[in-house]
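Peer 1: sequence plus the predicted model coming up.
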Amino acid sequence: MSIRSVVKVMNFHSLLRVDKSRNKSKKYTAMEQILTRMIDNIVNNRNISLDYKMHKVDPTKPELNIYIGSDMGFCSNLNALVKKTLGDQAEDAERDVKQIVIGRKIKPSDKEKLLLFQTREEYDEDNGKVMGLLEEAIRERRYSKISIVYNHYYNSSQVALVDKQIYPVPKGEANEEDDYKEDFSFEGNVDDLLVNMVVLYVKYSMEIAAAASYASENISRQNVTTESLNKLDERDEIRLMEERRRNKDKQFAKVLDNYTKTRAY
């Protein structure tokens, strides 16, 4: 199989993966937005916070950062951005940060801070380990903050590194202040309800980040393979032009030789 055929196949599969990942991300994003609004209204509601014992984050606990990279080739720039952020945050002596690293090419800088390392293939086949750690972290209030660092796919021309806080759930900027004064009536334990919703929200956020990261990998891969195909076309065009030039030189030399022989007679 020629190099061109291999690159074309890689290009085609990358486009298919981008579309699949984008659709998956949209599906999870819709649920994430609903959960964010619901959790925001419970956590930041003045009446509820006065009347009920709420799930609170312990600010003395360490932070947890999840870094999502790529196992694929042609994604060195994306991985470099994640690795730089991982290294910078690990070297920050003022922050106590634990790590979950996903991606074969993202090398953990400090083994003592590392909770879990998985390749993208391992995560895609079974994300239960990551999701289990996240659920335990929230239910047992192990961390003061949980964030995901990954490359987010916006469109075919825009991919950007994102450091997204997923716990505690940030206060919604779109809500009016009056929204937090609404009164509610609960049956059962409001804290259990809130924790279950936060766990679900964090898991959805993780799935969104993984899908968006996967789309970013493939759009990067598709851009590189498209550029490679263009360069192959340019190389073939140059080769063709050179071959035509040589043929013309040969024909001219042949005509000149025949003319010289004719003059000699």
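Peer 2: That came in fine, so what should we check first? Numbering: from 1, shown residues only.
Peer 1: contacts and neighbour counts: CA atoms only from here.
Peer 2: Noted.
Peer 1: mind checking pLDDT for residue 146?
Peer 2: What the model reports as pLDDT for residue 146 is 94.
Peer 1: actually, residue 65.
Peer 2: pLDDT recorded at residue 65 is 94.
Peer 1: that one should be in a strand, yeah?
Peer 2: Yes - counting by DSSP: H, G, I helix; E, B strand; the rest coil, residue 65 is located in a strand.
Peer 1: could you give the number of residues near it?
Peer 2: A count of nearby residues for residue 65, using other CA atoms under 10 Å, gives 22.
Peer 1: what sits against it?
Peer 2: By CA atoms under 8 Å, 6 or more residues apart in numbering, the residues touching residue 65 are 97-100, 146-149.
Peer 1: gap between it and residue 248?
Peer 2: Per CA to CA, to the nearest Å, residue 65 is found 65 Å from residue 248.
Peer 1: just residue 152 next, same as before
Peer 2: In terms of CA to CA, residue 152 sits 53 Å off from residue 248.
Peer 1: give me the more crowded residue out of those two.
Peer 2: residue 152 (22 against 12).
Peer 1: what helix or strand is the more buried one located in?
Peer 2: strand 145-155 (DSSP states H and E).
Peer 1: can you pull the contacts of residue 84?
Peer 2: Per CA under 8 Å, 6+ apart, neighbours of residue 84: none.
Peer 1: that one and residue 260, how far apart?
Peer 2: 70 Å.
Peer 1: contacts for the strand holding residue 152?
Peer 2: 62-69, 78, 82, 85, 159-168, 206, 209, 212-213, 215-216.
Peer 1: try stretch 92-104
Peer 2: Counting by CA under 8 Å, 6+ apart, 62-71, 89-90, 108, 113-120, 123, 130 sit against stretch 92-104.
Peer 1: are any of these buried, and which?
Peer 2: For the contacts of stretch 92-104, a burial check counting by 16 or more other CA atoms under 10 Å picks out 62-71, 90, 108, 114, 116-120, 123, 130.
Peer 1: now, these that are in strands?
Peer 2: 63-68, 114, 116-118 (DSSP state E).
Peer 1: save those residues as JSON lines, and put in distance to residue 23 too.
Peer 2: Listed next are these as JSON lines, based on distance: CA to CA, whole Å:
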{"residue": "63", "distance to residue 23": "31"}
{"residue": "64", "distance to residue 23": "28"}
{"residue": "65", "distance to residue 23": "26"}
{"residue": "66", "distance to residue 23": "23"}
{"residue": "67", "distance to residue 23": "22"}
{"residue": "68", "distance to residue 23": "19"}
{"residue": "114", "distance to residue 23": "31"}
{"residue": "116", "distance to residue 23": "28"}
{"residue": "117", "distance to residue 23": "27"}
{"residue": "118", "distance to residue 23": "24"}
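Peer 1: tell me the two of these that are most distant?
Peer 2: 63 and 118 (19.5 Å; CA to CA).
Peer 1: give the buried residues for stretch 134-154.
Peer 2: Residues of stretch 134-154 classed as buried by neighbour count (16+ other CA under 10 Å): 134-135, 137-138, 141-153.
Peer 1: buried ones among the contacts of strand 145-155?
Peer 2: Among those, the ones that count as buried (16+ other CA under 10 Å) are 62-69, 78, 82, 85, 159, 161-163, 165-168, 206, 209, 212-213, 215-216.
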